[in-house]
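Enquirer: make a model of this:
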Amino acid sequence: MINAIGTFSEYVNRYMPSRSQENSKWPGEHHFVAAYLLPRLFNTLPIVPNYINPDGTKDIIGDVTYYQDDNHKFAIEVKMGTIRLTKNQFNKWIENPDQTQHPNLFIAVGTKGLCLLSWLKFVEYYKRAVQKRSGEPPKIGKSGYGSFLGINELIKHVDDASRFETSQDPKNAAFEESRFQVTLKENLLNGVSLPQ
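Expert: Okay, the predicted model is just below:
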């Protein structure tokens, strides 16, 4: 039996081994949302999201989505390992200036840590990192996806307050976990209304 996950460092160390290790498949962002993120969301905000990992459900924004009065209220998009935005996501969330069509928060999970950004900040950092790497702005490639970007590469461009590093040391891991939870709580409470 596997114990509950105490910190995101535990999650990364347990489920995201080095790609060079044998049998090193990662479980993906749906697993991260279910096993790590949802318990923290419930501890912060006692509201069940209206949608959790709604892949294939048209017009639902994000991986964790809260509605209020049958309207989109707040969404979190999660990416693990690599940012791969479908053509639809890229056009709606990167190219489209209508912020009502964007997620509100972006959580990126890499082997070196997490970052938690407003969607607007994510777009700024994503564009800057892709431009620096390739010499041109992000675009839809032949694969049908927007420009790929490794999460560890993105994390290098993110400000310190939005970056949370993994650690093998339990004390440092707990410190970074605490920072992450405080930042998550601030963002949630600013974006989602508590039930009356």
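
Enquirer: use CA for all of it now, contacts and neighbours both
Expert: Will do.

Enquirer: confidence score at residue 19?
Expert: With respect to pLDDT, residue 19 has a value of 53.

Enquirer: any idea how far residue 165 lies from residue 94?
Expert: For residue 165, the distance to residue 94 equals 26 Å [Cα to Cα, to the nearest Å].

Enquirer: compare these two and say which is more crowded by neighbours.
Expert: Neighbours per residue (other Cα atoms under 10 Å) separate residue 165 from residue 94, with residue 94 holding more: 24 against 20.

Enquirer: phi, psi for that one please.
Expert: When quoted as degrees, to the nearest 10, the phi and psi of residue 94 stand at phi -110, psi -50.

Enquirer: got the contact list for it?
Expert: residue 123 (Cα atoms under 8 Å, 6 or more residues apart in numbering).

Enquirer: this protein: helices as residue ranges?
Expert: With DSSP state H, the ranges of helices along the chain come out as 8-15, 29-32, 38-44, 87-89, 119-134, 151-157, 170-191.

Enquirer: would you reformat these as CSV and include mean pLDDT and distance to residue 50?
Expert: Supplementary listing: the helices of the chain in CSV, determined by pLDDT from 0 to 100; distance: least, Cα to Cα, whole Å:
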stretch, mean pLDDT, distance to residue 50
helix 8-15, 93, 24
helix 29-32, 92, 15
helix 38-44, 91, 12
helix 87-89, 89, 20
helix 119-134, 94, 20
helix 151-157, 94, 27
helix 170-191, 92, 15
